[in-house]
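**Student:** Here you go, sequence then predicted model.
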There are 2 protein chains.
Amino acid sequence: MGLTPLNEIAPLLPRDAALAVDALRACGDVFIEEEILTAATMLQEALDGEYTALAAIVEGEFAGYCLAGRTPFTVSTWHLYWLCVHPRFHRCGVARALQSALEKTARDSGCERIVVETGGRKAYEPARRFYTAAGYQQCGRIEDYYHPGDACVFYCKLLS
Amino acid sequence: MGLTPLNEIAPLLPRDAALAVDALRACGDVFIEEEILTAATMLQEALDGEYTALAAIVEGEFAGYCLAGRTPFTVSTWHLYWLCVHPRFHRCGVARALQSALEKTARDSGCERIVVETGGRKAYEPARRFYTAAGYQQCGRIEDYYHPGDACVFYCKLLS
């Protein structure tokens, strides 16, 4: 029986799914209930192989996850649907480690670009800064998309 | 027993679903097989009440359909997922009649904006002209999204 590494990015395991939902809930007003329910469904679908999901383990604890997959009707475009780090592990580089590992996994599967849709409101300002710093370019914006005052902002990163 | 009107836009009925798939296939290289399979699934889901689908009847024949619904995680944004007119009925104003009726139905359900994602390649030039003429504004573009040379172009129309 192998020992679990204390710090790693690894494929999401069944026991991580509930912890991932806990992390989404712990993020306060970032995710609405409809998002959390959809995210929970997609976590199960990822465990069934429909999506790629990676977990971040920090000192043996579940710290966050990301979930992505090929965008329907496309050849080599992926959507990064969810990226969530439990607030206890914010500002430790966990999101960056997940995004970097996800990009490597996607590239190895033939992905040439990753698209992210995120919110325009204040709670998503750190997310927008994060994607910009990680090399994602804004490629669209729809005002009042989620609700009045909360735009949808589209980003895309070309994988070389 | 009522007579079926010869010309109308009406809620899609079970017998229309197969005709809608026929219309998608008749459009040649506009829709890829993955799109047609997804569209067929969504037609069944529309019949189960998950989406709003309208059929265009011209002289008693099924001429085309559109399928739309509230965009996940939004309050008052809808996506127009599918709009297809059988080539036999092109250039008769069928698409315009469907789009206009859909916008009325959406507005009556509290929708304030409709988003459309369409292709950047030549086969979609008529679609892009159609949406622009119908008051949709381009709000984003991702190059090579569907496949090399075929962008995704996002449009949005505010419903007053």
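**Tutor:** Looks like it arrived, so ask away. Given the structure is predicted, the values throughout are model-derived calculations rather than measurements.
**Student:** Quick check: residues of chain A near chain B?
**Tutor:** A:32, A:34-35, A:38, A:71-77, A:112-113, A:115, A:139-142, A:144-148, A:154, A:156 (CB under 8 Å from any CB of the partner chain). Heads up, the C-betas are built off the backbone N, CA and C, glycines and all.
**Student:** and these, which of them are in helices?
**Tutor:** A:34-35, A:38 (DSSP state H).
**Student:** Which of the residues of chain A next to chain B are buried? Put it as a PyMOL command.
**Tutor:** Restricted to buried positions by 16 or more other CB atoms under 10 Å in any protein chain shown, the PyMOL selection for the residues of chain A next to chain B reads:
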select buried, chain A and resi 38+71+73+74+75+76+77+112+113+115+139+140+142+144+145+146+154+156
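**Student:** Which single residue of chain A ends up nearest chain B?
**Tutor:** residue A:140 (1.8 Å; CB to the nearest CB).
**Student:** ok, that residue - contacts?
**Tutor:** A:152-154, B:139-142, B:154 (CB atoms under 8 Å, 6 or more residues apart in numbering or on different chains).
**Student:** Repeat that for residue A:85.
**Tutor:** By CB under 8 Å, 6+ apart, the neighbours of residue A:85 are A:23, A:56, A:63-64, A:94-95, A:98.
**Student:** What is the nearest of those residues to residue A:86?
**Tutor:** Among the contacts of residue A:85, residue A:23 lies closest to residue A:86 (CB to CB), at 4.0 Å.
**Student:** Tally up the residues packed near the closest one, please.
**Tutor:** When counting by other CB atoms under 10 Å in any protein chain shown, one arrives at 24 neighbours for residue A:23.
**Student:** ok, back up a step: out of the contacts of residue A:85, who's the most crowded?
**Tutor:** If you rank the contacts of residue A:85 by neighbour count (other CB under 10 Å), residue A:64 sits at the top with 30 neighbours.
**Student:** Could you list which residues are in contact with it?
**Tutor:** Taking CB under 8 Å, 6+ apart, one finds A:20, A:23, A:55-56, A:83-86, A:89, A:94-95, A:98 in contact with residue A:64.
**Student:** Regarding stretch A:22-37, how distant is the last residue from the first?
**Tutor:** End-to-end span of stretch A:22-37 (CA to CA, to the nearest Å): 12 Å.
**Student:** Once you drop chain neighbours, what's closest to the residue of chain A closest to chain B?
**Tutor:** residue B:140 (1.8 Å; CB to CB, 6 or more residues apart in numbering or on different chains).
**Student:** Output the contacts of residue A:85 in JSON lines; the columns should cover secondary structure and pLDDT.
**Tutor:** Formatted as JSON lines, the contacts of residue A:85 follow (DSSP: H, G, I helix; E, B strand; the rest coil; pLDDT from 0 to 100):
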{"residue": "A:23", "secondary structure": "helix", "pLDDT": "98"}
{"residue": "A:56", "secondary structure": "strand", "pLDDT": "97"}
{"residue": "A:63", "secondary structure": "strand", "pLDDT": "97"}
{"residue": "A:64", "secondary structure": "strand", "pLDDT": "98"}
{"residue": "A:94", "secondary structure": "helix", "pLDDT": "96"}
{"residue": "A:95", "secondary structure": "helix", "pLDDT": "97"}
{"residue": "A:98", "secondary structure": "helix", "pLDDT": "98"}
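**Student:** pLDDT value on residue A:3, please?
**Tutor:** Residue A:3 is assigned a predicted lDDT (pLDDT) of 61.
**Student:** which residue ranges form the helices in chain A?
**Tutor:** Counting by DSSP H, the helices of chain A are A:16-26, A:33-47, A:94-108, A:125-133.
**Student:** returning to what we had before: now intersect the contacts of residue A:140 with the strands, please.
**Tutor:** Among the contacts of residue A:140, the residues falling in strands (DSSP state E) are A:152-154, B:139-142, B:154.
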